[in-house]
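[1] Show me the folded form of this:
(one chain, ligands or ions: 2)
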Amino acid sequence: MQEIQIGLLGLGTVGSGVIQILTQNDDDISNRTDSHIKIKKVLVRNLQTPRSVSGNFVLTDKPEDILQDPDIDIIVEVMGGIEPARTYILEALHQGKNVVTANKDLLALHGHELLDVAKEAGKDLYFEASVAGGIPIIAALKQSLAANRISTVIGIINGTTNYILTSMTEQGRDYEEVLKEAQTLGYAEADPSSDVDGLDAARKLAILSSIAFNSRVTINDVYVDGISRITADDIAYASELNSCIKLLAIAKHQPDGLEIRVHPAILPKSHPLASVGGVFNAIYVIGDAVGETMFFGRGAGSLPTGSAVVSDIIQVTRNIETHSTSAINCTCYNDLQLTKSDDFHTAFYIRMRVKDEPRVLATLALLFAEANVSFASIIQRQKANEEAEIVLVTHPIYEAQLREALKSVKAYSKVLTINNVIRFEGK
Ligand code: NAP
Ligand code: HSE
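    Ligands and ions are numbered 1, 2, ... in the order given. Here you go, the predicted structure:
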């Protein structure tokens with residue numbers, strides 16, 4: 001049985017999961033591949049940090065010990081960040097090594113370059129763990145759904161924000177407290193603002209959209225809005241509307257181009273994604289031949305993410321055994337236009353404080369009607385000081401229409417504050 005030697009770059013949440021899985025499933029993995037996969041060396045930043053896993057490997061803080069070791073067959077990059085991860089991956093490919101990475105930040109920005117270099121070098125570059133942790137969505141889009149024209153990808157692809165929104169909804173817990181818990185559990189990014197501001201989901205959506213629509217999408221192409229302005233009041237009103245609030249990553253192939261956006265959305269409880277709670281992720285995909293599909297699982301954490309990384313290592317090992325490379329490199333043969341946010345067509349939830357006086361609601365209806373906006377539902381609650389809180393849900397409109405309507409609504413003296421505006425999806 002041949003030995004496949006791994007150089008692991010990073011021994012944090014994911015790196016530890018990779019070692020744990022390779023150790024606990026060692027016999028099965030050897031039987032499945034006909035090779036023995038061995039972690040030879042591990043790169044860390046700080047050699048003094050106590051580690052939760054141990055093994056028969058060399059710990060080093062010198063990248064050249066690994067990248068220039070001729071016996072290492074596969075570099076597994078689970079360090080994170082853009083640099084030096086990009087440089088190390090490029091060097092590994094130039095050194096004739098195959099690469100497995102979980103690094104969505106890097107792929108969402110430099111995926112094209114890395115795939116091109118891997119192709120030139122005739123080496124594999126696998127990155128299943130970069131989107132939705134343990135869910136095999138990249139393999140599904142690249143291989144299992146390759147027969148289809150994909151029209152829609154809608155995902156809950158950030159575990160931290162789903163965990164926060166679910167805990168706020170089901171247990172009435174405080175935003176800050178739940179965020180801290182998500183960090184302790186290893187779900188959140190080193191800088192959790194990436195999670196709550198929607199950037200982590202946007203990076204993953206850029207990767208998924210490029211694959212689903214065969215057209216290059218980078219993080220800079222994604223419209224992004226985060227969850228920090230969502231309050232307990234919004235969650236309660238959403239529930240009253242028989243809906244919930246989720247951070248959705250939405251990619252649609254429309255007749256005039258690609259609509260790519262990440263934002264909190266009010267989702268009817270009847271939608272298949274509405275029941276996806278906690279740290280779980282799910283991706284809902286519609287293909288012209290297959291119809292609706294949904295992929296569900298844990299999108300973060302040591303072992304779920306490690307599962308995707310180790311499965312990629314196993315696939316690369318099989319390729320080494322058969323002297324082939326089966327990674328499907330860049331398939332962006334389309335160059336599709338991106339739809340501007342002005343042209344996104346959705347319903348909106350608008351929550352505002354107004355003076356509780358006659359004709360206020362009638363005037364609001366008139367101001368919205370002037371922008372050709374009509375309402376699907378209205379909730380009104382009496383508040384102290386002769387004020388009322390009004391929640392308006394519009395029929396689907398363009399963002400430009402909403403902006404025009406809000407301009408005159410803000411100028412109306414009986415409107416005290418506009419507290420929140422949230423898109424509706426699936427309406
Ligand atoms: P992490 O816990 O912060 O671990 C990072 C590891 O990389 C640490 O061991 C660190 O060394 C090492 N490292 C970082 N920069 C380094 C450098 N310049 N030189 C040498 N070593 C360096 O990160 P993680 O959560 O495991 O995430 C790793 C990657 O997986 C990221 O790209 C992340 O986006 C992705 N990912 C994570 C999850 C998840 O659930 N956590 C899920 C999917 C994808 P020290 O230990 O010495 O500091
Ligand atoms: N911070 C990410 C999340 C980790 O919460 O989903 C997985 O990519």
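[2] In contact with the residue nearest to residue 398 when sequence neighbours are not counted, which residues?
    Among residues not flanking residue 398 along the chain, residue 345 sits closest, at 5.7 Å (C-beta to C-beta, 6 or more residues apart in numbering). For the C-beta atoms, the positions are set from N, CA and C on the backbone; glycine is no exception. By C-beta atoms under 8 Å, 6 or more residues apart in numbering, residue 345 lies in contact with 396-398.
[3] what pLDDT does the closest residue to residue 306 other than its chain neighbours get?
    Distances taken as C-beta to C-beta, 6+ apart place residue 17 nearest to residue 306, at 2.7 Å, with adjacent residues excluded. pLDDT recorded at residue 17 is 97.
[4] and if you look at the one 10 residues further on?
    In this model, residue 27 is scored at 95, pLDDT.
[5] Can you classify it by secondary structure?
    helix (DSSP: H, G, I helix; E, B strand; the rest coil).
[6] so how many other residues sit close to residue 86?
    Using other C-beta atoms under 10 Å, the number of residues around residue 86 comes to 18.
[7] Kindly apply the preceding question to residue 258 instead.
    Neighbour number of residue 258 under other C-beta under 10 Å is 19.
[8] Mind checking the pLDDT average for the one helix or strand it maps to?
    Taking DSSP states H and E as the criterion, residue 258 maps to strand 257-268. Taken as a whole, strand 257-268 carries a mean pLDDT of 97.
[9] element containing the residue nearest to residue 306, please.
    Here residue 17 sits within helix 13-24, counting by DSSP H and E.
[10] Which of the residues in that helix are classified as buried?
    Buried residues in helix 13-24, defined by neighbour count with 16 or more other C-beta atoms under 10 Å: 13-22.
[11] still on that earlier bit, now for the strand holding residue 258, which elements pack on it?
    Applying 3 or more C-beta pairs under 8 Å, 6 or more residues apart in numbering; DSSP states H and E, we find strand 257-268 packed against helix 199-213, strand 223-224, strand 243-254, strand 415-424.
[12] Can you report how many residues lie near the residue in the chain that ligand 1 sits nearest to?
    At 1.8 Å from ligand 1, residue 12 is the closest residue in the chain, using C-beta to the nearest ligand atom. For residue 12, the neighbour count with other C-beta under 10 Å is 18.
[13] what's the answer for residue 386, then?
    Using other C-beta under 10 Å: residue 386 sits among 9 other residues.
[14] How about residue 198?
    27.
[15] Please apply the same query to residue 251.
    Using other C-beta under 10 Å, the number of residues around residue 251 comes to 25.
[16] just the one 5 residues further on next, same as before
    When neighbours are counted by other C-beta under 10 Å, residue 256 registers 10.
[17] Now it, what are its backbone angles?
    The phi/psi pair for residue 256 (degrees, to the nearest 10) reads phi -100, psi 10.
[18] Need the per-residue pLDDT for the closest residue to residue 128 other than its chain neighbours.
    In this structure, residue 128 finds its nearest non-sequential neighbour in residue 308, 4.2 Å apart by C-beta to C-beta, 6+ apart. The model reports residue 308 with a pLDDT of 98.
[19] for ligand 1, what are the nearby residues on the stretch 101-250 of the chain?
    The stretch 101-250 of the chain comes close to ligand 1 at residues 102-104, 129, 133, 186-187, 190, as judged by C-beta under 6 Å from any ligand atom.
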